[in-house]
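Enquirer: can't give you the sequence, but here's the structure:
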């Protein structure tokens, strides 16, 4: 078991990573003074798997427990769902002191964190991420949000959890596509910050896909550590430091949006986005071709897409110019100066973007 | 003109108080780097009065301006209104960098701050409070919220503005009841923190009601200063310091709620709540009767209610026990140890609450 401390002054919290640690969850939170009753937001599938073990662990430590199910779809990340959850909480909360547990993947985590940030101007919440993607990325850093019709994550808050509790044993129910989407973000950490991790992945990606417990624990805790160090320096993404986490996400988001969030899942889109950012970096002479080739090889070996097939170039460009990260009318890319080195470049010419997109179709 | 600095590290901002300063607003914000386009949330009445002067002042400094009207009623403090405002913002915001201006009283300020806290996980906003109550209280300190069917301010955020800009000249359109409701909160500051202010009010309350510019500027800036010093020590109401601002609000909220927010307005309910808290303080021997009498005299002289007439004792008690500030099943009152001295007391017996309520009916 590994404990990573995220140092954010009065918002400091731990990330606990281990194998088969869910039965210890109640004990891990009993001294955090979060409240008396746990309101667990999750979906039906996950509840069926883990409600028993979680409830037992919480009750042993004297907590009341209530489960709230939301549909297992991105559509649950809406103001409407948030509102219905909050209404349900007000009924449960009368005279209790409650806290929220997000038990699930990114959708559950984003929604539950959002609800926790709003109810009574903020109550405590805990992330128990159950996907590889959520364990290495979305559960950490306090970005909570819901979607609007005209954009993902347009409404939200920076609101840190009181604990992130990652049990890598729960990943054994993930299918191959879910594992790979998590791997895309793991590869991202290697590319932007950690040449050692990148080399490790080149050798061990198969062990991750095979869910070897020791390797998962190492990978999840190392990625959690990398992300938490970035968050510590730039909690609210105002200093240009947290921006590096958007590597691969600028065109990645455009790809997701252009397929109506149905063609590529997040990791697949980010994999392509990383390749495109790497292509741009090569074109403008920031990295040698060999660096780009290493990235492409790893992505290909893992089984993530390296060519764009599900969407037209025009619709990608259109989606790109709607991105919420635009400041004024300028685009901004996180590019590479090598494995482990990033460089933010503004105003990449449209022609260059089109060129790299075209060469990957 | 007075400038009060609210020291909250990276969230530090100024409160500017002056007479007839609205024409200078654009100049006051042009160096704050808030964005390029001002999205002004207000109601129709206020827009008619001030849109011209505000727009001129903003355009002179190169800002684009758009007004968004919301109905002038507490019902506008809803998730539904917030959602419709946010949708409107997404349309206006394409490729711009916008910030929000709350131009109005408490409803506009709470809603606009709430929307600003949520949109893109937080954009800049400014408070231009146009009521005495908003200038001395609700515009300061970053409490934003909307109401739910089963409770006021149940959904919200702590989210600080980038500036509070109080022009006391705009208060000349307030009616007598609106002025008095502001005075109730002003009296509160005297009682909880400032014996000098309290004595000053005993002599000068008529000059405030007559809206004498110099006296208004003094009062609004002194109250802003008192509140900001409290906020600096306890921004998120987690240390028990900000709690003193709830003096008179425990039973005050219950009175408002018991009349369905129609019988008493906020200031009237707080005036009664302060008297009841003072009565309890006397009964349990925290203050002498003469202190309670001074408070009652001032409230009476100002023309605020000193007796409960619009609601039954039973419904007040019922509303009291639904208060969101309850922790566990215990009540918690801010009581007095004298003018300028507060004391938080837990678990005031129901019988004592009933007794003081009865003696004021």
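Expert: Cool, the structure landed. Values in this document were obtained by computation on a predicted structure and should not be read as measured data. Numbers count the residues shown, from 1 in each chain, chains lettered A, B, ... in the order given.
Enquirer: Which residue ranges of chain A form strands?
Expert: Using DSSP state E, the strands of chain A run over residues A:2-6, A:13-18, A:37-42, A:64-69, A:98-104, A:125-129, A:143-148, A:151-158, A:163-167, A:332-338, A:341-346.
Enquirer: Of all the ones you listed, which one comes closest to residue B:255?
Expert: strand A:98-104 (27.0 Å; C-beta to C-beta). Backbone N, C-alpha and C define where each C-beta goes, glycine included.
Enquirer: if we can go back for a sec, just put the strands of chain A in CSV and tack on mean pLDDT and distance to chain B.
Expert: Formatted as CSV, these follow (pLDDT from 0 to 100; distance: least, C-beta to the nearest C-beta, whole Å):
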stretch, mean pLDDT, distance to chain B
strand A:2-6, 98, 18
strand A:13-18, 98, 15
strand A:37-42, 97, 11
strand A:64-69, 97, 13
strand A:98-104, 97, 12
strand A:125-129, 98, 14
strand A:143-148, 95, 6
strand A:151-158, 92, 5
strand A:163-167, 98, 18
strand A:332-338, 95, 13
strand A:341-346, 95, 14
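Enquirer: mind putting the ones you listed in TSV, mean neighbour count and distance to residue B:184 included?
Expert: Converted to TSV, the strands of chain A look like this (neighbours: other C-beta atoms under 10 Å in any protein chain shown; distance: least, C-beta to C-beta, whole Å):
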stretch	mean neighbour count	distance to residue B:184
strand A:2-6	17	43
strand A:13-18	22	40
strand A:37-42	24	36
strand A:64-69	17	39
strand A:98-104	27	33
strand A:125-129	28	36
strand A:143-148	23	37
strand A:151-158	20	32
strand A:163-167	25	42
strand A:332-338	19	50
strand A:341-346	16	52
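Enquirer: between those, which one is nearest to residue B:58?
Expert: strand A:151-158 (25.1 Å).
Enquirer: if we can go back for a sec, which one of the strands of chain A lies closest to residue A:182?
Expert: The nearest among those, by C-beta to C-beta, is strand A:125-129 at 10.0 Å.
Enquirer: Which strands or helices does the closest one pack on?
Expert: In terms of contacts (3 or more C-beta pairs under 8 Å, 6 or more residues apart in numbering or on different chains; DSSP states H and E), strand A:125-129 is packed against strand A:98-104, helix A:106-118, strand A:163-167.
Enquirer: Now with 10 Å, please.
Expert: Other helices and strands packing on strand A:125-129, by 3 or more C-beta pairs under 10 Å, 6 or more residues apart in numbering or on different chains; DSSP states H and E, are strand A:13-18, helix A:25-29, strand A:37-42, helix A:44-60, strand A:98-104, helix A:106-118, strand A:163-167.
Enquirer: Could you tell me how far it lies from the centre of the chain?
Expert: 13 Å (C-alpha atoms, centre = their mean, to the nearest Å).
Enquirer: can you state the direction angle for that strand and strand A:98-104?
Expert: 20 degrees (axes from the mean of the first three to the mean of the last three C-alpha atoms, to 10 degrees).
Enquirer: What strands line up against strand A:125-129, and which way round?
Expert: Sheet pairing of strand A:125-129 (DSSP bridges) gives strand A:98-104 (parallel), strand A:163-167 (parallel).
Enquirer: can you list the helices and strands packed on strand A:125-129 in TSV and add distance to residue A:312?
Expert: Output for those, formatted as TSV (distance: least, C-beta to C-beta, whole Å):
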stretch	distance to residue A:312
strand A:13-18	40
helix A:25-29	46
strand A:37-42	37
helix A:44-60	34
strand A:98-104	33
helix A:106-118	27
strand A:163-167	38
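Enquirer: Out of these, the one nearest residue B:210 is which?
Expert: helix A:106-118 (41.8 Å).
Enquirer: Residue numbers of the stretch 151-300 of chain A in contact with chain B?
Expert: For the stretch 151-300 of chain A, the residues found near chain B under the criterion C-beta under 10 Å from any C-beta of the partner chain are A:151, A:153-159, A:235-239.
Enquirer: Please, where are all the helices along the stretch 201-350 of chain A?
Expert: A:213-233, A:249-258, A:266-283, A:289-302, A:313-320, A:350-359 (DSSP state H, counting those that start in this stretch).
Enquirer: Could you dump those into TSV with mean neighbour count added?
Expert: TSV is the format used below for the helices of the stretch 201-350 of chain A (neighbours: other C-beta atoms under 10 Å in any protein chain shown):
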stretch	mean neighbour count
helix A:213-233	20
helix A:249-258	25
helix A:266-283	26
helix A:289-302	16
helix A:313-320	16
helix A:350-359	15
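Enquirer: These into a markdown table, with extra columns for distance to residue B:195 and mean pLDDT?
Expert: Listed next are these as a markdown table, based on distance: least, C-beta to C-beta, whole Å; pLDDT from 0 to 100:
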| stretch | distance to residue B:195 | mean pLDDT |
| --- | --- | --- |
| helix A:213-233 | 44 | 98 |
| helix A:249-258 | 57 | 92 |
| helix A:266-283 | 60 | 97 |
| helix A:289-302 | 69 | 98 |
| helix A:313-320 | 62 | 89 |
| helix A:350-359 | 67 | 94 |
